[in-house]
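A.B. asks: Please work out how this folds:
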Amino acid sequence: MNEARAAILLPPGQGRVYDMGHMRAVFKGDGAESDNVWSISEWTLEPGCPGPGAHSHPEDDLFFVLEGTVSLQLGEAWSQAGPGSFACAPGGTMHNFANQTDRPARFLNISTPGGFEAMMPRIVAWFRENG
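C.D. replies: Down below sits the predicted model:
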């Protein structure tokens, strides 16, 4: 590990932006800043956003709802998570997120270990091609 990692301070809205139509992610810090220990991103879901679809990956996915109501699928079960709600999808767990309301929703996502962000350009391209 690099003992001399730089501190991070970003103003609101700053970071690496990934626009996926009904979803937008702003990565605040990831593998480059954390030696691939974690990544943190802020996600905004437009009203009625169906989310990315059920999926799993080896990283743990942590969710903290900031605004609105996020529908979270963990395994087979769906739950409605309001502001202040926290959820963890351990690596390998099938999960999804969506906004089934008529108001925007925002959440923080922490992925550990880091490295998930490397897939974001492919994910953005998939949404651009498939709507």
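
A.B. asks: From now on I want contacts and neighbour counts done on CA atoms only, so please keep to that.
C.D. replies: OK.

A.B. asks: now the helix or strand hosting residue 32: how far from the chain's centre is it?
C.D. replies: Using DSSP states H and E, residue 32 sits within helix 31-34. Distance of helix 31-34 from the chain centroid (Cα atoms, centre = their mean, to the nearest Å) equals 16 Å.

A.B. asks: and the helix or strand following that helix, what other elements does it pack with?
C.D. replies: Counting by DSSP H and E, the next helix or strand C-terminal to helix 31-34 is strand 39-45. Strand 39-45 sits against strand 23-29, strand 105-112, with contacts defined as 3 or more Cα pairs under 8 Å, 6 or more residues apart in numbering; DSSP states H and E.

A.B. asks: Dump strand 39-45 to CSV, keeping only the CA atoms.
C.D. replies: Output in CSV follows, covering the C-alpha atoms of strand 39-45 (Å, rounded to 0.1, in the frame of the first residue of the first chain):
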residue,chain,number,x,y,z
SER,A,39,-14.6,3.5,-3.9
ILE,A,40,-17.3,5.9,-3.0
SER,A,41,-19.9,7.4,-5.3
GLU,A,42,-23.1,9.5,-5.1
TRP,A,43,-26.0,8.2,-7.2
THR,A,44,-29.0,10.1,-8.4
LEU,A,45,-32.1,8.2,-9.6
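
A.B. asks: Just checking: what are the partner strands of that strand?
C.D. replies: Sheet pairing of strand 39-45 (DSSP bridges) gives strand 23-29 (antiparallel), strand 105-112 (antiparallel).

A.B. asks: Pick the most deeply packed of these.
C.D. replies: Highest mean neighbour count of the strands paired with strand 39-45: strand 105-112, a mean of 24 (counted as mean count of other Cα atoms under 10 Å).

A.B. asks: Other residues contacting it?
C.D. replies: Outside strand 105-112, the residues within contact range by Cα atoms under 8 Å, 6 or more residues apart in numbering are 37-47, 59-70, 99.

A.B. asks: Thanks again, I'm all set now.
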